[in-house]
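[1] No sequence on hand, only this structure:
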């Protein structure tokens, strides 16, 4: 059973909110603390293009940050949960003692890493699913302020945005198509780096990631011969 099977992009478990002191609370299934300012930092051109597209849009009232927070980031998180569950988690289990492929579905409140602000409530599973075998991957244990996860969410959100433009017959242009390919390339490179590192999951929920919870079998050549200088 995939975690993302029952998610919609309006699901509060995919949102990030702030209290009056600016302290963030991240939904269980959001993969990072990515914010619109991260898009502005990593891809200024995309941020400006999003602003152009939402101008005059009554749904978002011309606010690109609202569009990012309520649509693009949640959709990116849904896709990334699938990728982490099916593309990364099996690799992590193979090389990490104490990690398992599967567990029994439960709505019990999961444990959270100190690195990922907690969210009230447990897994969103339908009635009658209690105990059914599902993945043991828990998005609540992702270290959500990790820069690799933030970049993954940013690049995937930008890729999704540009993909919605190039399919619009009234707005096909070479720049959007080129930027879609560039966003996809940046995401693929960051995804490969994420699989090599694997230091963004706090399996024991203690605020500490040990050496054997990282990919200690990583290809050192990927890090230009020495991981310390990456």
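    That came in fine, so what should we check first? All figures in this text were calculated on a predicted structure; none of them were measured in a lab. Residues are numbered from 1 along each chain as shown.
[2] quick one: residue 199 from residue 44, how far?
    Using C-beta to C-beta, to the nearest Å, residue 199 is found at 28 Å from residue 44. Backbone N, C-alpha and C define where each C-beta goes, glycine included.
[3] higher neighbour count, the two?
    The neighbour comparison of residue 199 against residue 44 (other C-beta atoms under 10 Å) goes to residue 199, with 16 against 10.
[4] which residues does the residue nearest to that one when sequence neighbours are not counted contact?
    Ranked by C-beta to C-beta, 6 or more residues apart in numbering and with sequence neighbours excluded, the top spatial neighbour of residue 199 is residue 214, at 4.6 Å. Counting by C-beta atoms under 8 Å, 6 or more residues apart in numbering, residue 214 touches 197-199.
[5] Flag the least confident of the residues you listed.
    Lowest pLDDT within the contacts of residue 214 is found at residue 197 (81).
[6] these two touch, right, that one and residue 148?
    Yes: taking contacts as C-beta atoms under 8 Å, residue 197 lies within contact range of residue 148: 6.3 Å.
[7] Contacts only, for residue 179.
    Counted by C-beta under 8 Å, 6+ apart, residue 179 has contacts 45-46, 49, 158, 162.
[8] mind checking the SS state of the residue nearest in space to the middle of the chain?
    Among the residues of the chain, the one closest to the centroid is residue 31, at 3.4 Å (C-alpha atoms, centre = their mean). Secondary structure, DSSP: H, G, I helix; E, B strand; the rest coil: residue 31 is coil.
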